[in-house]
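> pasting the structure only:
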Ligand code: ADP
Ligand code: TRP
């Protein structure tokens, strides 16, 4: 059985791009009987940037509610907050003492910000070490991540193998799983959907607000009667990802036939989203309004995670004489 582990940033309420590009594919991977998945909310990493306590709490809850609503089975797998298993901080300290300074100075995540060193906190600098601890603490075999995290995974392997070299086999060397074919979901302006571009579709809001959100998708101003090109339209770009083959073929005919306005296409997209995500939206609302239910699922994962973490940590402590 392969142990799959990944950290999820709690940077805000998940949007349609996060669901289709990250959450749903990861949940699919976790359904494979041969895998055991450890998914955690990287809320200690988020402290490098987010300082407001209430924002952190709200982000954690909306990320957790989204994963559970999308069908992540928290009983078969492990779902936990990084901060609730503080063993990771102890391991991160040990690993810090085996990590060469130049390795960290070379990390893209640090280098990108290093022109303004006064704004870089030490947490940001040692971010890759905490990430290595996240992985090594749970004997993970496979770590699915985006391309931007590839270097961090290489560092985790380097840190683990130099420790193993010095003390004998202690850590499992994790393999990165980088899916190059993951779809990029376009936002309301046609660029990659991202919180930082303000172009997201937030499916976890009321019908009325969701409809308004879909109506904001940017199109050209061709009049209703004129035939339209679906392949250059931001509405169609999202519709074709969600619709069935027949729905997409029908929509293409509507565009090309004329007498079909962008308002019609947006209404059809809105209805499709409501239909496809009815169950997910209902569950999300349930959990976000029943935080104790959400907490109890997280806490169950956290106590199981702590047991595994402590046994690995003991292995490390005894190797280095603590
Ligand atoms: P954002 O860009 O909105 O801040 P994050 O960087 O927090 O999103 O991304 C969280 C996860 O969702 C990552 O795995 C990322 O690859 C995925 N993701 C984000 N936006 C998209 C998108 N538009 N299409 C596909 N996947 C996405
Ligand atoms: N740094 C990762 C990101 O930004 C999140 C993360 C933290 C992570 N710890 C991890 C991912 C351990 C995989 C394994 O997406």
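Arrived safely. Keep in mind the model is a prediction, meaning the values are calculated, not measured. Numbers count the residues shown, from 1 in each chain. Ligands and ions are numbered 1, 2, ... in the order given.

> Pretty sure residue 224 sits in a strand.
No: according to DSSP: H, G, I helix; E, B strand; the rest coil, residue 224 belongs to no strand; its state is coil.

> How confident was the prediction at it?
We have a pLDDT of 95 for residue 224.

> same deal with residue 10?
89.

> how about the nearest residue to residue 79, chain neighbours excluded?
Nearest in space to residue 79, with sequence neighbours left out and distances taken as Cβ to Cβ, 6 or more residues apart in numbering, is residue 301 at 4.3 Å. All C-beta atoms are positioned from the backbone trio N, CA, C, and that covers glycine.

> Quick check, the residue in the protein closest to ligand 2?
Residue nearest to ligand 2 within the chain: residue 7 (2.7 Å; Cβ to the nearest ligand atom).

> Does that residue touch residue 130 like I think?
No: between residue 7 and residue 130 there is no contact under Cβ atoms under 8 Å: 9.6 Å.

> Name the residues contacting each of these two.
residue 45 (Cβ atoms under 8 Å, 6 or more residues apart in numbering).

> And the contacts of the helix or strand containing residue 287?
Following DSSP states H and E, one finds residue 287 within helix 278-288. By Cβ under 8 Å, 6+ apart, the list of residues contacting helix 278-288 from outside reads 19, 61-62, 64-66, 68-71, 203-204, 274, 293-294.

> Tell me which residues touch the residue lying closest to residue 15 once chain neighbours are set aside, please.
Nearest non-adjacent residue to residue 15, counting by Cβ to Cβ, 6+ apart: residue 200, 3.8 Å away. Shown in contact with residue 200 (Cβ under 8 Å, 6+ apart): 15, 16, 17, 187, 188, 193, 194.

> residue farthest from the centroid of the protein?
residue 225 (41.8 Å; Cα atoms, centre = their mean).

> Looks like residue 161 contacts residue 173 (just checking).
Yes: when contacts are counted by Cβ under 8 Å, residue 161 is listed as touching residue 173 (6.1 Å).

> related to what we said a few turns ago, would you reformat the contacts of residue 200 as TSV and include distance to residue 213, secondary structure and neighbour count?
What follows is these, written out as TSV (distance: Cβ to Cβ, whole Å; DSSP: H, G, I helix; E, B strand; the rest coil; neighbours: other Cβ atoms under 10 Å):
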residue	distance to residue 213	secondary structure	neighbour count
15	10	coil	22
16	10	helix	22
17	13	helix	21
187	11	coil	24
188	7	coil	20
193	12	coil	22
194	15	coil	15
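
> And the strands in the stretch 101-250 of the chain, which stretches?
142-145, 175-178 (DSSP state E, counting those that start in this stretch).

> so residue 6, which of the three states?
Per three-state DSSP, residue 6 ends up strand.

> Tally up the residues packed near it, please.
23 (other Cβ atoms under 10 Å).

> these two touch, right, it and residue 143?
Yes: the pair residue 6 / residue 143 is scored as a contact, 5.9 Å apart, by Cβ under 8 Å.

> and the stretch 101-250 of the chain, which of its residues are near ligand 1?
Residues of the stretch 101-250 of the chain found near ligand 1, taking Cβ under 6 Å from any ligand atom as the criterion, are 146, 183, 184, 185, 192, 193, 194, 195, 196.

> again, only using 5 Å
146, 184, 185, 192, 193, 194, 195 (Cβ under 5 Å from any ligand atom).

> which residues touch the first one?
Residue 146 is in contact with 22, 178, 182, counting by Cβ under 8 Å, 6+ apart.

> residue ranges for the helices of the stretch 101-250 of the chain, please.
101-105, 108-111, 122-125, 127-136, 150-167, 207-215, 234-242, 245-257 (DSSP state H, counting those that start in this stretch).
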